[in-house]
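>>> I'll drop the sequence and a predicted model, then ask my questions.
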Amino acid sequence: MAVMDTQSATASPAGAIARLRALLGGSHEASVTRRLAGTIFIIRVLSAALAYLSQILLARWMGGSDYGVYVYVWTWVLLLGSMMDFGISASAQKIIPEYRTRGEHALLRGFLSGSRWITFAVSSIVSLLLVGTVKGLSPWMDANAITPLYIGCLTLPAFVVANTQDGIARSHDWMRLGLMPQFIVRQSLIIGFTAGAFALGFNLGATAAMWASAAAVWIAMIGQMIVLNRKLGSHVEPGPTAYDFRGWLAVSLPILMVEGFYLLLSYTDVLVLQQFRSSEEVGIYFAVVKTLALVSFIHYAMAATTAHRFAEFHAQGDKPRLSAYVAHAIQWTFWPSLAATILLLALGKPLLRLFGPQFVVGYDIMFIAAAGLLVRSAIGPVERLLNMLGHQHICALAYALAFVMNVVLCVILVPPFGGHGAAAATSISLAFETVLLFWIVRRRLGLHVLAFGKG
């Protein structure tokens, strides 16, 4: 496999030394990528610490049943909110570099404003439709979940716009602006609001926790918008604007399918578990997933950092540079993920005990869930590579097949095995998805995308 600043990989000592030098040092792009990915990873780790703290506090303050309802509703917000931007938050990392490379400044200016307006308008309409859906289904729903679901619908438009702004900011290498409002500011506000309510003696149930979460999402999004508009004003020269909504959607909708099936794959286990098992068991499983989040953050950091550079190198027609950059991204996804997995499994019981003594029963689930995450990390952010190079449709098909497998396996395994079955279903599906993506990249792009072995 090629790595940064190498020509052909060989088995000679000189080739091995060059490989090592490239991995540790590397080109300008490699250095920038590691720095930006490091920034993203630090933000996500801090966010994980805050989220972990908030989940521990909520689990202790709310009790198992209310906490399970909150987890269920918040999972729906995360899932729907991440899908209701049409994939524009991800496609921004393809569209913006291409507009800059081709000098299409009017279209660039149009995208920077129009993408946010269209996602806000449509997500608001969809949220209203969801309110009607919850009202219509309320006779068959858990009464304790109805009001939190209404609040979740209110949260969605701000969540969607924040995602869109995140994609715009990352396309300009403004990683802190893209991520901190969602992952640091929002989590800090949730902790502050819920702690204040608890200190004042309010009943901190699922409804109060969702109100705190909704307020945090809206405040963080508005603050991010103000700063982003100011930075764009000094970075992009004023001038005429042009809007290519049809072109944006043509690029974004296939990516939405990829992102959507990935999110469905990520959240199916929790949603199916809620249908067959108690809220307390959902809460334990969610604590396990949160504990393993550090592993997925590494993959996220590399994907968020590299996507727009994949698009940039492809637009420039620089295939050797692209190939080397892909290999570098894979190496820096898998090996840190392996180290993080070993560390988290070693410390799993003490970490779960922070949620409460009853959560330690989920420790053995960690090993099952970690296996899927580690297998997935072995090919790095290749789904972003396929999306940025115009292979969104085949990538979406791979994710769709993995999602269907996950649903089927969850329905089969969750009723008899609970959280163990949910973790096994997800890990098997992730392994299946990894094999598919490896084969697609090999056939379509001629690249070897494993962190080990030869191409």
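The structure has been received and is ready for your questions.
>>> Look up which helix or strand the most centrally placed residue in the chain falls in, please.
Centroid-nearest residue in the chain: Tyr300, 6.1 Å away (criterion: CA atoms, centre = their mean). Element membership of Tyr300, judged by DSSP states H and E, is helix 293-316.
>>> helices or strands next to that helix in the packing?
Packing contacts for helix 293-316, counted by 3 or more CB pairs under 8 Å, 6 or more residues apart in numbering; DSSP states H and E, involve helix 28-62, helix 88-102, helix 143-171, helix 175-180, helix 319-346, helix 363-377, helix 382-388. C-beta coordinates here come from the backbone N, C-alpha and C atoms, glycine included.
>>> okay, the ones you listed in JSON lines with distance to Val289, mean neighbour count and mean pLDDT next?
Below are the helices and strands packed on helix 293-316 laid out as JSON lines (distance: least, CB to CB, whole Å; neighbours: other CB atoms under 10 Å; pLDDT from 0 to 100):
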{"stretch": "helix 28-62", "distance to Val289": "10", "mean neighbour count": "19", "mean pLDDT": "71"}
{"stretch": "helix 88-102", "distance to Val289": "22", "mean neighbour count": "23", "mean pLDDT": "86"}
{"stretch": "helix 143-171", "distance to Val289": "19", "mean neighbour count": "23", "mean pLDDT": "91"}
{"stretch": "helix 175-180", "distance to Val289": "20", "mean neighbour count": "22", "mean pLDDT": "84"}
{"stretch": "helix 319-346", "distance to Val289": "12", "mean neighbour count": "20", "mean pLDDT": "86"}
{"stretch": "helix 363-377", "distance to Val289": "7", "mean neighbour count": "21", "mean pLDDT": "93"}
{"stretch": "helix 382-388", "distance to Val289": "20", "mean neighbour count": "27", "mean pLDDT": "85"}
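>>> Including distance to Phe198, could these go into CSV?
Below are the helices and strands packed on helix 293-316 laid out as CSV (distance: least, CB to CB, whole Å):
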stretch, distance to Phe198
helix 28-62, 5
helix 88-102, 33
helix 143-171, 17
helix 175-180, 25
helix 319-346, 29
helix 363-377, 28
helix 382-388, 40
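>>> okay, now the domains of this protein?
38-243, 257-454 (the TED database).
>>> Columns distance to Ala250 on top of those, output as CSV?
Listed next are the domains of the chain as CSV, based on distance: least, CB to CB, whole Å:
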stretch, distance to Ala250
domain 38-243, 10
domain 257-454, 10
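>>> so which of those comes closest to Val251?
Of all the domains of the chain, domain 38-243 sits nearest to Val251, with 4.8 Å by CB to CB.
>>> How far does the closest one sit from its chain's centre?
A distance of 12 Å separates the centroid of the chain from that of domain 38-243, by CA atoms, centre = their mean, to the nearest Å.
>>> List the contacts of stretch 239-246.
Contacts with stretch 239-246, where a contact means CB atoms under 8 Å, 6 or more residues apart in numbering, come from His105, Ala106, Leu107, Arg109, Gly110, Phe111, Ser113, Gly114, Ile118.
>>> same thing but at 6 Å, please
Outside stretch 239-246, the residues that touch it by CB atoms under 6 Å, 6 or more residues apart in numbering are Ala106, Leu107, Arg109, Gly110, Gly114.
>>> Give me the distance between the third one and Val404.
Right, the one you point to is Arg109. 41 Å (CB to CB, to the nearest Å).
>>> what about the two, which has more around it?
Arg109 (20 against 14; other CB atoms under 10 Å).
>>> Contact partners for the more buried one?
Thr241.
>>> and with 8 Å instead?
Counted by CB under 8 Å, 6+ apart, Arg109 has contacts Val236, Pro238, Gly239, Pro240, Thr241, Ala242.
>>> which one among these gets closest to Ile440?
Nearest to Ile440 among the contacts of Arg109, with distances taken as CB to CB, is Ala242, at 34.0 Å.
>>> what's around the spatially closest residue to that closest one that is not a sequence neighbour, how many residues?
Leaving aside its sequence neighbours, Ala242 sits nearest to Ala106 (CB to CB, 6 or more residues apart in numbering; 4.1 Å). Neighbourhood size, Ala106 [other CB under 10 Å]: 15.
>>> tell me the secondary structure for Ala106?
Classification of Ala106 by DSSP: H, G, I helix; E, B strand; the rest coil places it in helix.
>>> how close does it get to Arg321?
Ala106 is 29 Å from Arg321, by CB to CB.
>>> With Arg442 instead?
Arg442 is 20 Å from Arg321, by CB to CB.
>>> Out of the helices and strands packed on helix 293-316, which is closest to Leu200?
helix 28-62 (12.4 Å).
>>> wait, what's in contact with Ile428?
So Ile428 contacts Gly372, Met405, Leu409 (CB under 8 Å, 6+ apart).
>>> Identify the residue spatially nearest to the second one, adjacent ones excluded.
I take that to be Met405. Ser429 (4.8 Å).
>>> Quick check: end-to-end length of stretch 441-450?
Distance across stretch 441-450, first residue to last, is 11 Å (CA to CA, to the nearest Å).
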